[in-house]
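>>> predicted model follows, preceded by the sequence.
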2 protein chains.
Amino acid sequence: MSPERYQKIRAILSKRQPSLTVCLEQVHKPHNVSAVVRSCDAVGIHKVHAVWDDKTKGLRGGTAMGSQNWVYVENHDSIEDAIGHLKNQKMQVLVTHLSDSAVDFRDVDYSKPTAIILGQEKHGATQEAIDLADQEIVIPMVGMVQSLNVSVAAALVLYEAQRQRTIAGMYDVQQLAESDCQKTLFEGGYP
Amino acid sequence: MSPERYQKIRAILSKRQPSLTVCLEQVHKPHNVSAVVRSCDAVGIHKVHAVWDDKTKGLRGGTAMGSQNWVYVENHDSIEDAIGHLKNQKMQVLVTHLSDSAVDFRDVDYSKPTAIILGQEKHGATQEAIDLADQEIVIPMVGMVQSLNVSVAAALVLYEAQRQRTIAGMYDVQQLAESDCQKTLFEGGYP
Ligand SMILES: C[S@@+](CC[C@H](N)C(=O)[O-])C[C@H]1O[C@@H](n2cnc3c(N)ncnc32)[C@H](O)[C@@H]1O
Ligand SMILES: C[S@@+](CC[C@H](N)C(=O)[O-])C[C@H]1O[C@@H](n2cnc3c(N)ncnc32)[C@H](O)[C@@H]1O
């Protein structure tokens, strides 16, 4: 690996935010999944979580760190498994949901370890996800449309987290364990 | 029209922001165009501007206020025409562009009359758009990807504008001329 490339990758890894993640719940349009992962990479997410629906499940097993981005994808068999896993890591689990009990997405402290659940394009997050999550969050809208595109909603929440974490200095100090950096350098370091 | 529907439409129109708009420069994937217009509607944009590329030009003539959203689309023959039109309306013209001369998108005053130019998926905004615009803006990224999805970038800028305009009280007082409200009520008021 060239010294320039090594420096570039180290710089990216030094800004990774292992305490921030998203969980895709049956999001199924490939262009949406790809736009979400792109935004995740851009705000420094190291790993995303996903529960696929029956139709797409088989297809997604191989999705992982691609050449376009360096975001790992961890698949779970059910939303219950996924949320259990996230809560075990002491993350607050937020579910994006258009309901009256949801709080404004900007009124949340994203400097805490946080996982954001994104719902399916047509039906949104499942009742199970809503019940298991710690908090529902909503992006305010003042127009005729009922909802935003899921990748748009994801990015808005993630960039609010990025804004808060920048102020909190969380991009100034390496957050990722050195062993995880080494793993990524090893796996992705080819030219 | 039922009194409930009338009230709903009036409430939406009372929050419309005629001094905020976007200009799509040859954005050509339908799912991106539709996601952008959805976000525009959600932050209260009344009319968007567009310059289509040669391939899609013919197709888009009829795009206008749809059943899903209430955003008007005004087509222009060239980006020069579009920007001229926007500047005539005393708008600051911002072009989203990944360059060193761009300022952080959050360091702009969106309470001013503002138009945001969005570039084509593959090649970004044209040099002509960049030259004619008042200011380049960029959304910071700390990962491996080179750029965000265009509908994601649009929404991030628009919701920053929404945030600033909310603080400035611009959603609390009707901004749209009463004649434009009447026009929309007339055209869109059918049940
Ligand atoms: C198209 S929406 C689903 C709409 C579905 N009819 C519903 O009511 O939940 C797909 C996903 O985008 C996200 N989303 C869209 N608009 C949102 C908003 N305004 N606030 C929070 N999340 C939103 C959520 O993750 C949602 O599950
Ligand atoms: C996929 S990008 C185009 C990438 C192109 N290779 C370039 O360098 O401009 C498509 C459009 O999304 C918007 N965009 C994407 N990422 C952006 C960012 N980080 N800052 C500002 N605009 C962005 C711009 O409107 C851009 O023209």
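Nice, I can see it. Ligands and ions are numbered 1, 2, ... in the order given.

>>> residues touching A:Met91, list them.
A:19, A:21, A:113-115 (C-beta atoms under 8 Å, 6 or more residues apart in numbering or on different chains). In this view, the C-beta of every residue, glycine as well, is placed from N, C-alpha and C.

>>> among those, which lie within strands?
A:21, A:114-115 (DSSP state E).

>>> close to ligand 2, is stretch A:156-171?
No. For stretch A:156-171, no contact with ligand 2 is found by C-beta under 6 Å from any ligand atom; the gap never falls below 10.3 Å.

>>> okay if I get the ones in strands among the contacts of A:Met91 as CSV plus neighbour count and distance to ligand 2?
Rendered in CSV, the data for these read as follows (neighbours: other C-beta atoms under 10 Å in any protein chain shown; distance: C-beta to the nearest ligand atom, whole Å):
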residue, neighbour count, distance to ligand 2
A:Thr21, 24, 21
A:Thr114, 25, 22
A:Ala115, 24, 24
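
>>> and A:Leu148, how many neighbours?
Applying the criterion other C-beta atoms under 10 Å in any protein chain shown, we find 24 residues in the vicinity of A:Leu148.

>>> go on, A:Asp180?
16.

>>> list the contacts of it.
Contacts for A:Asp180 (C-beta under 8 Å, 6+ apart) come out as A:18, A:46.

>>> show me what from chain A comes close to chain B.
Proximity of chain A to chain B, by C-beta under 8 Å from any C-beta of the partner chain, involves residues A:12, A:15, A:29, A:31, A:34-35, A:38-44, A:68-71, A:106, A:139-145, A:148-149, A:151-152, A:155-156, A:159, A:162-163, A:171.

>>> could I get the pLDDT score of the residue nearest to the spatial centre of chain A?
Ranked by distance to the mean C-alpha position of chain A (C-alpha atoms, centre = their mean), the top residue is A:Val22 at 2.5 Å. A:Val22 carries a pLDDT value of 98.

>>> my guess is it contacts A:Ile45, does it?
Yes. Between A:Val22 and A:Ile45 there is a contact at 6.9 Å, judged by C-beta atoms under 8 Å.

>>> quick check: neighbours shared by the two?
A:Leu158.

>>> and the contacts of A:Met91 as JSON lines, adding distance to B:Gly119?
Converted to JSON lines, the contacts of A:Met91 look like this (distance: C-beta to C-beta, whole Å):
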{"residue": "A:Ser19", "distance to B:Gly119": "33"}
{"residue": "A:Thr21", "distance to B:Gly119": "30"}
{"residue": "A:Pro113", "distance to B:Gly119": "36"}
{"residue": "A:Thr114", "distance to B:Gly119": "31"}
{"residue": "A:Ala115", "distance to B:Gly119": "32"}
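
>>> one step back: residue contacts, the nearest residue to the residue nearest to the centre of chain A once chain neighbours are set aside?
Taking C-beta to C-beta, 6 or more residues apart in numbering or on different chains, and ignoring the residues beside it in sequence, A:Val22 has A:Ile116 as its nearest neighbour in space, at 4.8 Å. With contact set as C-beta under 8 Å, 6+ apart, A:Ile116 has these partners: A:21-23, A:94-96, A:137, A:154, A:157-158, A:161.

>>> 6 Å instead, please
Residues in contact with A:Ile116 (C-beta atoms under 6 Å, 6 or more residues apart in numbering or on different chains) are A:22, A:94, A:157.

>>> the last one against A:Phe105, yeah?
The one in question is A:Val157. Yes. In this structure, A:Val157 sits in contact with A:Phe105. The criterion is C-beta atoms under 6 Å, and the distance is 5.2 Å.

>>> common neighbours of the two, please.
Residues touching both A:Val157 and A:Phe105 (C-beta under 6 Å, 6+ apart): none.

>>> mind giving me the packing neighbours of the top helix by length along chain A?
In chain A, with assignment by DSSP state H, the single longest helix is helix A:150-167. Under the contact criterion of 3 or more C-beta pairs under 6 Å, 6 or more residues apart in numbering or on different chains; DSSP states H and E, the helices and strands touching helix A:150-167 comprise helix A:30-43, strand A:114-118, helix B:150-167.

>>> tell me the most buried of these?
Highest mean neighbour count of the helices and strands packed on helix A:150-167: strand A:114-118, a mean of 26 (counted as mean count of other C-beta atoms under 10 Å in any protein chain shown).

>>> does the residue nearest to the centre of chain A touch A:Ala50 like I think?
No. Counting by C-beta under 6 Å, A:Ala50 is not a contact partner of A:Val22; they are 8.9 Å apart.

>>> name the nearest residue to A:Val142, sequence neighbours excluded.
A:Val142's closest residue in space is B:Lys15 (C-beta to C-beta, 6+ apart), at 4.2 Å.
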